[in-house]
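> Fold the following, please.
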Amino acid sequence: MVMSGPAAEPSSLEDHVQRFASARVLCVGDVMLDRFIEGLVKRISPESPVPIFSSGQGQVFPGGAGNVARNIFSLGAKVTLIGVVGEDESGRELAASLAATSISAILLPCKDRPTTEKTRFVSHGQHVFRVDRETTAPISEETVVEIISQVEGLIGEHDAVVLSDYAKGVLTTDLVASIIKLAGMAGKSVIVDPKSSDFGKYAGAALITPNAAEMQAASGIDPATDDDAVNAGQLALSRAEVGAVLITRGPKGMTLVTPEADAIHINSTVRDVYDVVGAGDTVVATVATALGAGVGLEDAVRIANTAAGIAVGKRGTAVVSPDELLMELRHQQQGWERRGQPIMLTLEDAVRYTAARKAEGKKVGFTNGVFDILHPGHISMLQFSSDACDCLIVGLNTDASVKRLKGPERPINTENDRAIVLGALGMVDVVVLFGADTPIDLIRAIKPDVLIKGADYTLDNVVGADVVLANGGTVLLAELVPGVSSTNTIAKARRRG
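Numbering: from 1, shown residues only. Presented below is the predicted three-dimensional model:
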């Protein structure tokens, strides 16, 4: 039950994250296709009291073990995914979706079972209903033998193994036992996201990561309180013969129970919850990546807790990037309490952030300004901008550029103070400082999907409009709040002073 590799322990959680790129993780389990269909619900059917869903655009993502692999890859590690699909269109879509992310995937086709597919219908950011297409019958003995053969050939090239059990028939008892035995012989940690209420199925694993409901089903104890979580975890340890139990308890955080030390309770870092889909995948992926990089178990769990807090602040089966994780860890260390997940990035980091959000199917928006004395006009503008996209990046003039544009007495507030105020607003996701007179270099580098400016501009004189339009994006003009501006507010204060 190896918990970490031979590498020396670094000095901080941030140092750990920066070493994630060295990890190689083998992921085996129930792969599935996650389909999201956006639409509108405006009325109730006259035929029966059910909502009428007007279907719109759809998106697909790798789900289940596929989402675990996406998370590992997004964190910067190398990952190999092994799973089973049907010989159907959904299986081909899943293979194409994985190929688009450059994840190394071995998908074994089976004629007698469909590709597991979950279709979620979403209106105004809320799930209306879900349709599942699946079979939970165990895979054939021939397929079990093929997976074991694949694992045997690959395990030496990897640092850790994840078993992602969604109870769809792939991780049979015999297959789980064989993989754990192979990992033990190779000196690799096995981390399991369990679905079976019989945790003894995973005997020999280094860590299992049940959620509260799974823990209660397996132990008969609801881990609602810290004491009950410890009791449930200790019972699971004695019954399952695993190295450690990490209970994910939603807004109550996580509890890590090991046989060697006192239990560790870690508070949740979540501030806004948009979607809990795939949060467990983020946890097991982050722990496995950290252990694969030689991180100790407790630190791996603390990083995973932070990653989960970021993931549930996004919509859909979201993934977390190292940049996001590093920035959130820095915020926690410095005691910054902000709503949502706003982060200050350099231009280079913002380019990576934008690419990661677009890879998730998100629409990235951009606006810019001085934002010296925040007033209702700014709030209206930022709210309009946020409503027009999934992630809003705000370009903020540095102090030097403000002095050139507004005069030697401006800005009233420093660039750092202005950035902190913007970051405290839930509608702002990222702040990027720029020192030029215009944000054209930012816009060219970021390539936002939506560019937003105030209605005192026209499309002809919005800086960067030609760049965004040429890339297939949209330019929007937000209505202004009459009579308010930082200049007017400052002038009024000086007259009264």
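
> residue ranges for the strands of the stretch 251-400 of the chain, please.
With DSSP state E, counting those that start in this stretch as the criterion, the stretch 251-400 of the chain has strands at 254-257, 264-266, 343-344, 364-369, 391-397.

> tell me which strands and helices the first one is in contact with?
By that I understand strand 254-257. For strand 254-257, the elements it packs on are helix 226-240, strand 245-248, strand 264-266, helix 297-311, judged by 3 or more CB pairs under 8 Å, 6 or more residues apart in numbering; DSSP states H and E. Yep, even glycine has a C-beta here, placed from its N, CA and C like the rest.

> Please repeat the previous calculation with a cut-off of 6 Å.
Strand 254-257 is packed against helix 226-240, strand 245-248, strand 264-266, with contacts defined by 3 or more CB pairs under 6 Å, 6 or more residues apart in numbering; DSSP states H and E.

> Between the strands of the stretch 251-400 of the chain, which has the poorest mean confidence score?
When the strands of the stretch 251-400 of the chain are ranked by mean pLDDT, strand 343-344 comes last with a mean of 72.

> my read: residue 464 touches residue 441, true?
No - using CB atoms under 6 Å, residue 464 is not in contact with residue 441, being 9.4 Å away.

> Adding mean neighbour count and distance to residue 86, write the strands of the stretch 251-400 of the chain out as TSV.
Formatted as TSV, the strands of the stretch 251-400 of the chain follow (neighbours: other CB atoms under 10 Å; distance: least, CB to CB, whole Å):
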stretch	mean neighbour count	distance to residue 86
strand 254-257	24	35
strand 264-266	17	39
strand 343-344	22	40
strand 364-369	24	35
strand 391-397	25	34
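
> how about those in TSV, adding distance to residue 423?
Compiled in TSV, the strands of the stretch 251-400 of the chain are given as follows (distance: least, CB to CB, whole Å):
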stretch	distance to residue 423
strand 254-257	26
strand 264-266	24
strand 343-344	7
strand 364-369	14
strand 391-397	9
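
> Which one of the ones you listed lies nearest to residue 129?
Evaluated with CB to CB, the strands of the stretch 251-400 of the chain place strand 391-397 nearest to residue 129, the distance being 26.4 Å.

> Which of residue 464 and residue 441 has more residues huddled nearby?
residue 464 (24 against 14; other CB atoms under 10 Å).

> Can you get me the start-to-end distance on stretch 244-264?
11 Å (CA to CA, to the nearest Å).

> got it, and stretch 205-225?
Across stretch 205-225, first to last residue, CA to CA, it's 26 Å.

> got it, and stretch 462-476?
Stretch 462-476: ends 10 Å apart by CA to CA.

> With stretch 427-440 instead?
23 Å.

> Tell me the gap between that stretch and the middle of its chain.
Centroid separation for stretch 427-440 versus its chain: 24 Å, with CA atoms, centre = their mean, to the nearest Å.

> Pull out the buried positions in it.
If you call a residue buried by 16 or more other CB atoms under 10 Å, then stretch 427-440 has these buried ones: 427-434, 439.

> Can you report how many residues lie near the nearest residue in space to residue 74 that is not next to it in sequence?
Of all residues not flanking residue 74 in the chain, residue 319 sits nearest, at 3.8 Å (CB to CB, 6 or more residues apart in numbering). A count of nearby residues for residue 319, using other CB under 10 Å, gives 28.

> Residue 319 and residue 325, how far apart?
For residue 319, the distance to residue 325 equals 11 Å [CB to CB, to the nearest Å].

> do residue 284 as well
Residue 284 is 15 Å from residue 325, by CB to CB.

> Go ahead and confirm residue 168 touches residue 117.
No - Residue 168 is beyond contact range of residue 117, at 10.8 Å (criterion: CB under 6 Å).

> Which of the residues in the helix or strand where residue 175 lies are classified as buried?
Per DSSP states H and E: residue 175 is located in helix 173-186. Using 16+ other CB under 10 Å as the test for burial, helix 173-186 gives 175-176, 178-180, 182-184.

> Okay, angle between the helix or strand residue 154 falls within and helix 173-186 too, please.
Element membership for residue 154, per DSSP H and E: helix 141-154. If you take axes from the mean of the first three to the mean of the last three CA atoms, to 10 degrees, helix 141-154 sits at 10 degrees to helix 173-186.

> Partner strands of the helix or strand just after helix 141-154, with direction?
Next along the chain after helix 141-154, taking DSSP H and E as the criterion, comes strand 160-164. Strand 160-164 has these partner strands in its sheet, going by DSSP bridges: strand 24-29 (parallel), strand 189-193 (parallel).

> ok now strand 160-164, how far from the chain's centre?
19 Å.

> how about a markdown table for the strands paired with strand 160-164, with mean pLDDT, distance to residue 400 and mean neighbour count added?
Below are those laid out as a markdown table (pLDDT from 0 to 100; distance: least, CB to CB, whole Å; neighbours: other CB atoms under 10 Å):
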| stretch | mean pLDDT | distance to residue 400 | mean neighbour count |
| --- | --- | --- | --- |
| strand 24-29 | 97 | 45 | 28 |
| strand 189-193 | 96 | 49 | 29 |
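
> what would the ones you listed look like in a markdown table with distance to residue 256?
As requested, these are exported to a markdown table (distance: least, CB to CB, whole Å):
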| stretch | distance to residue 256 |
| --- | --- |
| strand 24-29 | 20 |
| strand 189-193 | 13 |
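
> out of the ones you listed, nearest to residue 139?
Nearest to residue 139, of all those, is strand 24-29, at 11.5 Å by CB to CB.

> after the closest one, next one along is what?
Where DSSP H and E defines the elements, the next helix or strand beyond strand 24-29 is strand 31-44.
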